[in-house]
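Participant: structure for the following, please:
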Amino acid sequence: MDFQSSLHHVVIRASETVSRNPALALASLGFLVLVALTIGLARRSNRRDAEAASSAQIQLGELLKAQTELQGRVAAMAEVFGARQAETNQAINQRLDGLTQRLGQSISEQTRATHDNLRKLQERLAVIDSAQTNIQSLAKDVVGLQAILSNKQTRGAFGQARMETIVADGLPQGAYGFQQQLSTGVRPDCTIRMPNGQPPLVIDAKFPLEAWNAIAAAGSPEAAKAAATQFRRDMEVHIRDIAEKYLIAGETQDTAFLFVPSESIFAAIHESFEMVVQRAHRARIVIVSPSLLLLSIQVLQALFRDQRMREQAHVIQAEVVRLMDDLTRLDDRVRKLHGHFTAAQKDVDQILTSTEKLARRGSRIGEMEFEQPAAAPPSSEPGGRSVESRTGQLKLRVVDED
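Facilitator: Numbering: from 1, shown residues only. Below you'll find the predicted structure:
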């Protein structure tokens, strides 16, 4: 019964220890298992002798002692683990706070960068939309130009309009004419009146563009060669027609212009169709591009300006004569004014001489001396004069000097 009471007491103590320190649950559980085994062994060993009971009691004491040491070690380990866990929790919290802050800053920066990129993307999209609109408009214009160039009459009107624009912008009104009839009944596209009574210069704007387009549209070398041959023939026929219709002796210049409404076509003709250019030179037909026509118009501007200056030369001479008369009258008046100034200078010099004399006489008056009457005999000089006063006689000698 004493052993059972002691065992019961140990179980109660162990349960109280477990309730006070939950961290010792594992050790206490092992201890309870050990106690249960001990109780079982004790129940089985009731029939043993007292020495076995005392030995068991000794073992139980040792177990209690070991359990007490184990509790102390477990308590110390629990304290150490608690401190380490608190430090670990604090470090984890600090790292989580830092990580949260860095994540927040990174998210803010990424959001800002994303907004900037989206804004720039929107601006670029706006520019692209504008460029696309311009491209669409340009495509419509190109389609319209192709429609113009596909029609022969419309194409002729296009070249005529471009040539008329260059001529009208460069020459004064009345120095040119469009579709004016010649004595032979033909109507050239443009006639430019030359200065100094020279015959007018004829410009033709009917270029065989359909033959040139056939060269560009050829799908094989043979077709391109055939189209080039046809273009050469058309050009030669057109050059011959211009020479026969528009080069009239005494009525027009002995040279005419064939206007090509494209710089690229003009360069290609001079590069690939040299025979056509040579034939045009021999026929006194000059093939001109828009830039060459503009340069020719500028030369004509200089000629017209020189003609107008020659026509107005007598007027300029008359104005120069009047200017010289005005200059002569101005010179006479300046000379008279100079004489007046010279006489006035002489008068001023004489006035300065008189003022100097007055100054010298005033200084002499300031330097005069007072004398007693007894010591001063009467003056016998013809120019001397005396003034009497109560205190004495003041003698003033005045000498006239020039």
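Participant: how close does E263 get to H270?
Facilitator: 11 Å (C-beta to C-beta, to the nearest Å). Heads up, the C-betas are built off the backbone N, CA and C, glycines and all.
Participant: next: F259.
Facilitator: Taking C-beta to C-beta, one finds F259 at 15 Å from H270.
Participant: how about G104?
Facilitator: 72 Å.
Participant: so the two - more neighbours on which side?
Facilitator: The residue with more neighbours, out of G104 and H270, is H270; 13 against 10, by other C-beta atoms under 10 Å.
Participant: quick one: the strands in this structure?
Facilitator: Ranges of strands in the chain, per DSSP state E, are 176-178, 190-192, 201-204, 256-259, 285-288, 384-388, 393-397.
Participant: give me the helices and strands touching the first one, please.
Facilitator: Put plainly, it is strand 176-178. helix 152-170, strand 190-192 (3 or more C-beta pairs under 8 Å, 6 or more residues apart in numbering; DSSP states H and E).
Participant: I'd like the mean pLDDT over that strand, please.
Facilitator: The average pLDDT within strand 176-178 is 85.
Participant: equivalent analysis for stretch 190-205, please.
Facilitator: So the average pLDDT for stretch 190-205 ends up being 83.
Participant: list the buried residues in it.
Facilitator: C190, T191, I192, R193, M194, P195, P200, L201, V202, I203, D204, A205 (16 or more other C-beta atoms under 10 Å).
Participant: mind putting the residues you listed into a markdown table with distance to Q350?
Facilitator: Listed next are the buried residues of stretch 190-205 as a markdown table, based on distance: C-beta to C-beta, whole Å:
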| residue | distance to Q350 |
| --- | --- |
| C190 | 83 |
| T191 | 82 |
| I192 | 78 |
| R193 | 75 |
| M194 | 75 |
| P195 | 69 |
| P200 | 80 |
| L201 | 80 |
| V202 | 85 |
| I203 | 84 |
| D204 | 89 |
| A205 | 88 |
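Participant: contact partners for L247?
Facilitator: V202, Q253, D254, T255, A256, R284 (C-beta atoms under 8 Å, 6 or more residues apart in numbering).
Participant: sorry, back to before: farthest-separated two in the buried residues of stretch 190-205?
Facilitator: P195 and A205 (23.2 Å; C-beta to C-beta).
Participant: all helices of the chain, in order?
Facilitator: For the chain, the helices defined by DSSP state H cover 2-20, 25-44, 50-150, 152-170, 209-216, 221-246, 263-272, 274-282, 290-311, 313-366.
Participant: that older thread, for the contacts of L247, which one is nearest E51?
Facilitator: A256 (153.1 Å).
Participant: may I have the beta-bridge partners of the closest one?
Facilitator: V202, I285 (DSSP bridges).
Participant: tell me how many other residues crowd it.
Facilitator: 22.
Participant: looks like it contacts R240 (just checking).
Facilitator: No - applying C-beta atoms under 8 Å as the test, A256 and R240 come out as separate, 11.9 Å apart.
Participant: where in the chain is the helix or strand with the lowest mean pLDDT?
Facilitator: strand 384-388 (a mean of 44; mean pLDDT, DSSP states H and E).
Participant: low-confidence regions, the stretch 151-300 of the chain specifically.
Facilitator: The stretch 151-300 of the chain contains residues with pLDDT under 70 at 151-158.
Participant: how does it look with 50?
Facilitator: Along the stretch 151-300 of the chain, segments meeting pLDDT under 50 span 151-154.
Participant: and which of the contacts of L247 is nearest W212?
Facilitator: A256 (20.5 Å).
Participant: now do the contacts for the closest one.
Facilitator: L201, V202, I203, D204, I242, A243, Y246, L247, R284, I285, V286.
Participant: what about it, distance to V277?
Facilitator: 15 Å.
Participant: repeat that for D325.
Facilitator: 60 Å.
Participant: and the two? Which one has more around it.
Facilitator: V277 (17 against 10).
Participant: now the more buried one: closest residue in space, sequence neighbours ignored.
Facilitator: With C-beta to C-beta, 6 or more residues apart in numbering as the criterion, V277 has its nearest non-adjacent residue at 5.8 Å, and that residue is H270.
Participant: again with G250
Facilitator: Nearest non-adjacent residue to G250 (C-beta to C-beta, 6+ apart): P199, at 6.8 Å.
Participant: so that neighbour sits right up against I192, yeah?
Facilitator: No - using C-beta under 8 Å, P199 is not in contact with I192, being 10.3 Å away.
Participant: closest to the centroid, which residue in this protein?
Facilitator: The chain has V127 as the residue nearest its centroid, 16.7 Å off, counting by C-alpha atoms, centre = their mean.
Participant: OK, contacts around it?
Facilitator: Residues counted as contacts of V127 (C-beta under 8 Å, 6+ apart): none.
Participant: ok, so what distance separates it from L358?
Facilitator: Relative to L358, and taking C-beta to C-beta, V127 is found at 93 Å.
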